[in-house]
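Undergrad: Pasted the sequence and its predicted model underneath.
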Amino acid sequence: MSEFVLKLYVAGRTPRSEQSIRHIREICDRDLLGRYHLVVIDVLERPQLAENEKILATPTVVRELPLPLRRVVGDLSNHERVLIGLDISIPNDEERGESE
């Protein structure tokens, strides 16, 4: 299984940014089973990073690895939509270690 490298771009410490951080962490903890590295980047503090990556709106989450690069822009509350947008398959119950 490969490890995922994700970057979440937010604008400041607003309620919307905090909610986006919470949503992506929930997705990572539940569906990536510890196989991820998440970096949160505040574009107000590091505008050059946002410019280099051509981030035009926040929140934006970028899956850098495994390739190919994928992005989801906007509301991250719909976990299924985020997983589909990032092209991440959801592990089945056996892979999660869950049973009926």
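TA: Alright, I've got the coordinates.
Undergrad: For the rest of this, base every contact and every neighbour count on C-alpha atoms.
TA: Fine.
Undergrad: Would you mind putting the CA coordinates of the lengthiest helix in the chain into CSV?
TA: In the chain, assigned by DSSP state H, the helix with the most residues is helix 15-31. Extracted in CSV, the C-alpha atoms of helix 15-31 (Å, rounded to 0.1, in the frame of the first residue of the first chain):
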residue,chain,number,x,y,z
PRO,A,15,-14.2,28.9,11.1
ARG,A,16,-14.3,27.7,7.5
SER,A,17,-10.6,26.9,7.5
GLU,A,18,-10.9,25.1,10.8
GLN,A,19,-13.8,23.1,9.5
SER,A,20,-11.9,22.2,6.4
ILE,A,21,-8.9,21.0,8.5
ARG,A,22,-11.2,18.9,10.6
HIS,A,23,-12.9,17.3,7.6
ILE,A,24,-9.7,16.3,5.8
ARG,A,25,-8.2,14.9,9.1
GLU,A,26,-11.4,12.8,9.5
ILE,A,27,-11.1,11.5,6.0
CYS,A,28,-7.4,10.7,6.5
ASP,A,29,-7.9,9.0,9.9
ARG,A,30,-10.9,7.0,8.7
ASP,A,31,-10.0,6.1,5.2
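Undergrad: Just the buried positions in that helix, please.
TA: 17, 19-21, 23-24, 27-28, 31 (16 or more other C-alpha atoms under 10 Å).
Undergrad: Stretch 78-89 too?
TA: Buried, per 16+ other C-alpha under 10 Å, within stretch 78-89: 79, 82-83, 85-86, 88.
Undergrad: Could you export those residues as JSON lines, including distance to residue 72 and secondary structure?
TA: Shown next, in JSON lines, are those (distance: C-alpha to C-alpha, whole Å; DSSP: H, G, I helix; E, B strand; the rest coil):
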{"residue": "79", "distance to residue 72": "11", "secondary structure": "helix"}
{"residue": "82", "distance to residue 72": "7", "secondary structure": "helix"}
{"residue": "83", "distance to residue 72": "9", "secondary structure": "helix"}
{"residue": "85", "distance to residue 72": "6", "secondary structure": "helix"}
{"residue": "86", "distance to residue 72": "7", "secondary structure": "coil"}
{"residue": "88", "distance to residue 72": "12", "secondary structure": "coil"}
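Undergrad: Good, wrapping up.
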